[in-house]
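J.: need a structure here:
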Amino acid sequence: MKTYAQIVREYKKRRRDTVADAIAAGLTYMDELAVDAGVLEETGLLQELGGSVCGALPFVSIAAMEGAKVLLGRKPGVTGLKDGACRMVKTGAAMGVGSAVASAAGPWAAIPVSVGVRVLFDRYRSAALTGLRVRGRIDRLKELNAFLRREDAVNKPEAVVRLE
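T.: Residues are numbered from 1 along each chain as shown. This is a model prediction of the structure:
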């Protein structure tokens, strides 16, 4: 079983992944912000490449981070694949909502909205997984209780212990 310090370290690492993903998703709108600010012109090769690179940047960074964790042995391959897929889905949803906000209110509003969507997804998933863990532990305790009652009934038929 993991110690409390190990659990805290893993939780802090998970929070870093969330921040990195949120920043990468927010950076997808930087090309639009640069055009609005006058740094880039709307036409040209740099604008075309910037749009393509910025759109793929979050997904490339997620794949690189998860791949590095698998290659360094910090995660099994299946877990890395599942975690990467989950992170990519959250990022895609955040970028989709951010694009809708960018078209309605402008790119300046898209960055906080896309970061907020990612944070909401993380909070919802954390709460859902906590509920599943608690439900699993309750079921395990019920099984253990039933097992102990059967064992007590076999060892002491005259006294049945109730632990409800």
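J.: state the distance from Glu151 to Gly136.
T.: 22 Å (CB to CB, to the nearest Å). C-beta here means a position set from N, CA and C on the backbone, and glycine is covered the same way.
J.: with Lys2 instead?
T.: Distance from Lys2 to Gly136, by CB to CB: 16 Å.
J.: then Val78?
T.: Distance of Val78 to Gly136, given as CB to CB: 20 Å.
J.: what is the longest helix along the chain packed up against?
T.: Longest helix in the chain by number of residues (criterion: DSSP state H): helix 107-155. Helices and strands touching helix 107-155, as assessed by 3 or more CB pairs under 8 Å, 6 or more residues apart in numbering; DSSP states H and E, comprise helix 4-27, helix 30-37, helix 77-105.
J.: worst mean pLDDT across the helices and strands of this structure, which element?
T.: Ranked by mean pLDDT, DSSP states H and E, the weakest helix or strand in the chain is helix 30-37, scoring a mean of 59.
J.: tell me which element the residue nearest to Gly92 when sequence neighbours are not counted falls in.
T.: With CB to CB, 6 or more residues apart in numbering as the criterion, Gly92 has its nearest non-adjacent residue at 7.9 Å, and that residue is Phe59. Using DSSP states H and E, Phe59 sits within helix 45-71.
J.: so for that helix, what's the average pLDDT?
T.: Mean pLDDT, helix 45-71: 75.
J.: stretch 137-150 too?
T.: The model assigns stretch 137-150 a mean pLDDT of 88.
J.: tabulate the CA atom coordinates of that stretch in CSV.
T.: What follows is stretch 137-150, C-alpha atoms only, in CSV (Å, rounded to 0.1, in the frame of the first residue of the first chain):
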residue,chain,number,x,y,z
ARG,A,137,-14.7,-0.1,-0.7
ILE,A,138,-18.2,-0.4,0.7
ASP,A,139,-18.9,-3.5,-1.4
ARG,A,140,-15.6,-5.0,-0.2
LEU,A,141,-16.5,-4.3,3.4
LYS,A,142,-19.9,-6.0,2.9
GLU,A,143,-18.2,-9.0,1.4
LEU,A,144,-15.8,-9.2,4.3
ASN,A,145,-18.7,-8.8,6.8
ALA,A,146,-20.6,-11.7,5.1
PHE,A,147,-17.4,-13.8,5.1
LEU,A,148,-16.8,-13.1,8.8
ARG,A,149,-20.4,-14.0,9.7
ARG,A,150,-20.1,-17.3,7.8
